[in-house]
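> give me the fold of what follows.
(2 chains)
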Amino acid sequence: MTEEIRAIPMDKKYFTPIVIGLIILAAIGGIFLLLRFLFGIGFVTNLDTQHPWGIWIGVDVAAGVALAAGGFTSAALGHIMNKSNYEVVIRPALLTALLGYTFVALSVCIDLGRYYSIWHPLVFWNGNSALFEVGICVMTYVSVLYIEFLPIVFEKFVGNVNLPGIFSKFNGSIDKLLRVLQRYLSKAMFVFIIAGVVLSCLHQSSLGTLMVISGSKMHPLWQTPILPLLFLLSAVSVGFPMIIMESIISSRSFGLKPEMKVLSKLGKIVGPLLGIYLAFKIGDVVIRKSFVYLNDLNSVSIMFFIELLVGVIIPMRMFLSKEVRKSPTFIFIASILVVIGVLINRINCFLVAYNPPYAVRSYFPSAGEIFVTLGFISLEILLFRLIVKYFPVISIPISMKHKYSIKIK
Amino acid sequence: MKKQNRRDFLKSSISIAGAATATNLLLPKNTKASPENILSNDRFGVLVDTTVCIGCRKCEWACKTAHNLPAGDASDYDDKKVLSKRRRPSPGGYTVVNQYQTNQIPTNVKFQCMHCDHPACVSACIVGAFSKTEYGAVVWDETKCIGCRYCMVACPFQIPTFDFDKAIEPNISKCDFCIDRLKVGKIPACVEICPVETLTFGPRKDLIEVARKKIKNFPDRYINRIFGEAEVGGTSWLYLASSQFEKLDFPKLGKNPAPGVSETIQHGIFAYFIPPIALYALLGGIMWVNKKSENEDEE
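Here you go, the predicted model:
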């Protein structure tokens, strides 16, 4: 009898009290969303001429893209560095990224004044625009993620095609077609995996370039020409913590043992990554001498301290400790801190640091904006749970009762 | 060496040609598609002499009328109390006059789009809906806009406005230099109506001469600075004032073009697609080496 780790559908009860709570949150978000489409963006948001972008861009899009970075960092580690022992986390990370980016696209769509023209960047190009680059890269990357997910779909249906009623006579031919597609796709998959990593590096950094053009409207603590580099480094650092956090939560939720061996190995890389990010962040503040703004104690300087201390320095110290990496509780806390740190950083860059010259009031998100954001996050979790119920995403150790073992590649 | 036959030669040359056309289609188009900034030497501008303005707000009325916005009666503009409010251009009116208590006499300042020579909105717009015309005006193309409001984030003067209360076809609106009037040989509506010649329309380079002469002849009346001559790389609208511009709600700006370093960064990352392709090749190489060493281990 041997033991092997295999991805299987999590055939557990779908509706739990938490799930029902999430459904209610998603429904409330849906109502506000409906109002936005009926009466315009101003009806549900606190946006105005001075504050054209709110949390739908700062959180849903900017932080959403960063927090979906687990998809490309795990692909780089597992497929490109070819470390096969990380396979257990690649599929959940891929699904998280896929859902994450899908909701990033949705968030952009609802925030666009003319959402029905969302296809325009495909036709009307502006190579000078950082937003154009982000838009095109995200569109392409979403498609790549869906292609990367296809093998999981094939795995479920090959040999299992079972159409209802009169369609059942096509079962055989569809199965054959799926097998052919599966074979060809597995040969070409490396093209998409590398493309996914390249596209991610490009738009993660261009997302930082976005705010460079706002010039003096952005507080000097954050406004720097190396914003794209900082955005890329922080996205790379948050990729693994996001995977660790999500893996521990889904293990709890499905009553499985957390994959601590893999997770603490992943955690080992996080400390140095955060260190590199911190070095650039502090170096930037020192070289541009913007640290002078830290002398006055106000909401901006406090946010800067919180971002660095809670989001980078404390979790970096935690990830560097072996005890923390071995304990599910502590590695979970450390990971959550990094995730919160990146979230705060994106909120700071897009909202807190944004200081329009003629503002008569400061921006704080409205209930509508908050509920739509919460609704999207809830829907994302619900979809994740639904997909892992039917598709082989989450891996568990399976005892092989037969004499032979199947090698899954 | 194997001799290349005609068929093979044809095949390879076709594929090379094909690849060349493909790269031609992919590469320069992206850089060329960026809005080009061709500035005529004779491009127009408007000189605003804030020391002359009496705050009659006729320009506000004329602007609304010229752009088919609800303008109300001319008498509605007699109310001088609104002058002390800090109003900003809005979808309902592309220009406003505000009053500032600076010296003994108040200063009235007309605000509208500055029509930068190197506009941030043109650089930022995801679909290139903004363009700087050869003769000075910065205009917005309704058919391209997707309503992302990045222009509003980018503009150093906080000028573009958005219809936040419209669910369908919200517009980005701002002063368009009365481009439709310019095309038929008329001057901008605000310039035409101004009763005290606060506004002077003409080629920008001549306006700078005029402004310099004014400063030279009346050194007590003006401070020695033409706002818009060098700010953010120069603007089509130029201002003269008797006190510091920062006291009149003008933003403090450097002399570098408004898009700043963002275009440099953007073009650095995408210089002929070399960095992304190099990264792709590098990752492919790493992947290949790792796969190969794994296979060797198995053997």
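
> now do the SS call for the residue in the stretch 251-400 of chain A that chain B sits nearest to.
Of the residues in the stretch 251-400 of chain A, the one nearest chain B is A:P357, at a distance of 4.7 Å by C-beta to the nearest C-beta. Heads up, the C-betas are built off the backbone N, CA and C, glycines and all. Three-state assignment for A:P357 (DSSP: H, G, I helix; E, B strand; the rest coil): coil.

> can you tell me the closest non-neighbouring residue to it?
Counting by C-beta to C-beta, 6 or more residues apart in numbering or on different chains, the nearest residue to A:P357 once its immediate chain neighbours are dropped is B:P251, at 4.7 Å.

> A:V285 now?
Nearest residue to A:V285, sequence neighbours excluded (C-beta to C-beta, 6+ apart): A:F291, at 4.9 Å.

> so what pLDDT did the one you found get?
In this model, A:F291 is scored at 90, pLDDT.

> what about it, which SS state?
Using three-state DSSP as the criterion, the local structure at A:F291 reads helix.

> number of nearby residues for it?
A count of nearby residues for A:F291, using other C-beta atoms under 10 Å in any protein chain shown, gives 16.

> hang on, it packs against A:G283?
No: applying C-beta atoms under 8 Å, one finds A:F291 not in contact with A:G283, separated by 11.1 Å.

> shaky segments in the chain?
If you meant another chain, say so; for now it's chain A. Across chain A, the stretches falling below the confidence threshold (pLDDT under 70) are A:1-3, A:399-409.

> not quite, go with chain B.
Residues of chain B meeting the criterion pLDDT under 70: B:1-36, B:297-299.

> domain ranges for it?
Following automatic domain parsing, chain B resolves into domains at B:44-248, B:261-293.

> how far off centre is the last one?
Which is domain B:261-293. Here domain B:261-293 is found 32 Å from its chain centre; the criterion is C-alpha atoms, centre = their mean, to the nearest Å.

> quick one: which of the domains of chain B is nearest A:N295?
Taking C-beta to C-beta as the measure, the domains of chain B were each checked against A:N295, and domain B:44-248 came out nearest at 22.7 Å.

> mind checking if that closest one is in reach of chain A?
Yes: contact check for domain B:44-248 against chain A, using C-beta under 8 Å from any C-beta of the partner chain: residues in range are B:86, B:88, B:90, B:120, B:122-129, B:144-150, B:152-154, B:156-158, B:161-167, B:169-170.

> identify those among these that sit within strands.
For these, the ones inside strands are B:T161, B:F162, with DSSP state E as the criterion.

> using neighbour counts, trim the residues of domain B:44-248 next to chain A to the buried set.
Buried members of these, scored by 16 or more other C-beta atoms under 10 Å in any protein chain shown, are B:88, B:120, B:122-129, B:144-150, B:152-154, B:156-158, B:161-164, B:166-167, B:170.

> okay, and which of those residues map to helices?
Counting by DSSP state H, these place B:A120, B:V122, B:S123, B:A124, B:Y150, B:M152, B:V153, B:A154 in helices.

> so the fourth one touches B:A258, yeah?
No: in this structure B:A124 lies outside contact range of B:A258 using C-beta under 8 Å: 9.2 Å.

> related to what we said a few turns ago, deepest of the domains of chain B, which one?
Here the criterion is mean neighbour count by mean count of other C-beta atoms under 10 Å in any protein chain shown, and of those the winner is domain B:44-248, at a mean of 19.

> how about the most centrally placed residue in chain B, nearest residue that isn't a chain neighbour?
Closest to where the C-alpha atoms of chain B average out (C-alpha atoms, centre = their mean) is B:P119, at 2.8 Å. Take B:P119 and drop its neighbours on the chain: the residue closest to it by C-beta to C-beta, 6+ apart is B:V138, 5.0 Å away.

> dig out what that neighbour forms beta bridges with.
With DSSP bridges as the criterion, B:V138 is bridged to B:K132.

> which residues does it contact?
Contacts here follow C-beta atoms under 8 Å, 6 or more residues apart in numbering or on different chains; on that basis B:V138 touches B:C113, B:H115, B:C116, B:P119, B:C121, B:V122, B:F130, B:S131, B:K132, B:D176, B:F177.

> which one of these is nearest chain A?
B:V122 (7.9 Å).

> give me the distance between the closest one and A:H120.
The spacing between B:V122 and A:H120, counted by C-beta to C-beta, to the nearest Å, is 16 Å.

> same question for B:E229.
Going from B:E229 to A:H120 by C-beta to C-beta gives 36 Å.

> can you check A:P9 too?
As judged by C-beta to C-beta, A:P9 and A:H120 stand 40 Å apart.

> so for these two, which residue has more residues nearby?
When neighbours are counted by other C-beta under 10 Å, A:P9 and A:H120 differ, and A:H120 comes out ahead with 21 against 14.

> from what I can see A:R346 touches A:A63, true?
Yes: with contact defined as C-beta under 8 Å, A:R346 counts as touching A:A63 (4.1 Å).

> neighbour count for the two, which is higher?
Set side by side, A:R346 and A:A63 show more neighbours around A:R346, with 27 against 24, by other C-beta under 10 Å.

> in which helix or strand does that one reside?
For A:R346, the enclosing helix or strand under DSSP states H and E is helix A:328-347.

> in chain B, which residue sits nearest chain A?
Nearest to chain A in chain B, going by C-beta to the nearest C-beta, is B:G147, at a distance of 2.2 Å.

> nearest residue to that residue in space, please, no chain neighbours.
Counting by C-beta to C-beta, 6+ apart, B:G147 lies nearest to A:G113, which is 2.2 Å off, once chain neighbours are set aside.

> the one you found: what secondary structure?
Local secondary structure at A:G113 is given as coil here, using three-state DSSP.

> can you get me a residue count around B:D42?
B:D42 is flanked by 13 other residues according to other C-beta under 10 Å.

> next up, the contacts around it.
B:Y135, B:P203, B:K205.

> nearest to A:I249, of these?
Using C-beta to C-beta, B:Y135 is the member of those that sits closest to A:I249, with 60.1 Å.

> check contacts around the closest residue to that closest one other than its chain neighbours.
Taking C-beta to C-beta, 6+ apart, and ignoring the residues beside it in sequence, B:Y135 has B:R43 as its nearest neighbour in space, at 5.0 Å. Listed by C-beta under 8 Å, 6+ apart, the contact partners of B:R43 are B:E134, B:Y135, B:G136, B:P203, B:R204, B:S236.

> turn the residues you listed into TSV, including secondary structure.
Shown next, in TSV, are these (three-state DSSP):
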residue	secondary structure
B:E134	coil
B:Y135	coil
B:G136	coil
B:P203	strand
B:R204	helix
B:S236	coil
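
> export those to JSON lines and append columns for distance to A:I269.
Written out in JSON lines, the entries for the contacts of B:R43 read as follows (distance: C-beta to C-beta, whole Å):
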{"residue": "B:E134", "distance to A:I269": "54"}
{"residue": "B:Y135", "distance to A:I269": "57"}
{"residue": "B:G136", "distance to A:I269": "54"}
{"residue": "B:P203", "distance to A:I269": "61"}
{"residue": "B:R204", "distance to A:I269": "57"}
{"residue": "B:S236", "distance to A:I269": "53"}
